[in-house]
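Peer 1: Build me a model from this:
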Amino acid sequence: MDAKTKKMVYEKQAEILKALANPVRVAIIDFLKDGEQCVCNIADIVDSERSNVSKHLSVLVSNGILEYRKVGQNMMYRLKAKCLLAFFDCLTTCLKQQANENVKLLKAI
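Peer 2: Numbers count the residues shown, from 1 in each chain. As a prediction, the model looks like this:
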């Protein structure tokens, strides 16, 4: 892969990371790991207004993270990039490691 193509790939990866860099979006992804849900259920679980949740969903869809389908008057969303679940598991492992290191530091003080 040439340098120009690598740069384009890095930029696209950064866009996806930017789309993930929001606690509400992380909560949406976590909720959808168990299967497809309508906006109304998503809004309830993330404790936010439907209009706000719809904006977050739009960001996630436009970045290829979620997909949706219309069922009657409801929009049903599901996780498209299921590989992100492993990424979030990795992040949780990192948080646990940091917490363990902080505990060790506090005990040493």
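Peer 1: by contact count, what packs against the host helix or strand of Phe87?
Peer 2: Using DSSP states H and E, the element containing Phe87 is helix 84-108. Applying 3 or more CB pairs under 8 Å, 6 or more residues apart in numbering; DSSP states H and E, one finds that helix 84-108 contacts helix 23-32. All C-beta atoms are positioned from the backbone trio N, CA, C, and that covers glycine.
Peer 1: what's the angle from the helix it packs on to helix 84-108?
Peer 2: 120 degrees (axes from the mean of the first three to the mean of the last three CA atoms, to 10 degrees).
Peer 1: ok, and for helix 23-32, which residues are buried?
Peer 2: Val24, Arg25, Ala27, Ile28, Ile29, Phe31, Leu32 (16 or more other CB atoms under 10 Å).
Peer 1: ok, now stretch 94-101?
Peer 2: For stretch 94-101, it's none, nothing buried (16+ other CB under 10 Å).
Peer 1: now swap in stretch 75-82 and tell me
Peer 2: Met75, Met76, Tyr77, Leu79, Lys80, Ala81.
Peer 1: Please apply the same query to stretch 36-44.
Peer 2: Under 16+ other CB under 10 Å, the buried positions of stretch 36-44 are Gln37, Cys38, Val39, Asn41, Ile42, Ala43.
Peer 1: Stretch 14-21 too?
Peer 2: Neighbour-count burial for stretch 14-21 [16+ other CB under 10 Å]: Ala19, Leu20.
Peer 1: mind starting the numbering at 203 from now?
Peer 2: Sure thing, new numbering starts at 203, so read that last one as stretch 216-223.
Peer 1: If we ignore the residues flanking it in sequence, what's nearest the most centrally placed residue in the chain?
Peer 2: The C-alpha lying nearest the average C-alpha coordinate of the chain belongs to Val228 (CA atoms, centre = their mean; 3.9 Å). Of all residues beyond its chain neighbours, the one nearest Val228 is Leu222 (6.7 Å), with distances taken as CB to CB, 6 or more residues apart in numbering.
Peer 1: Isn't that neighbour up against Ile267?
Peer 2: Yes - using CB atoms under 8 Å, Leu222 is in contact with Ile267, at 7.4 Å.
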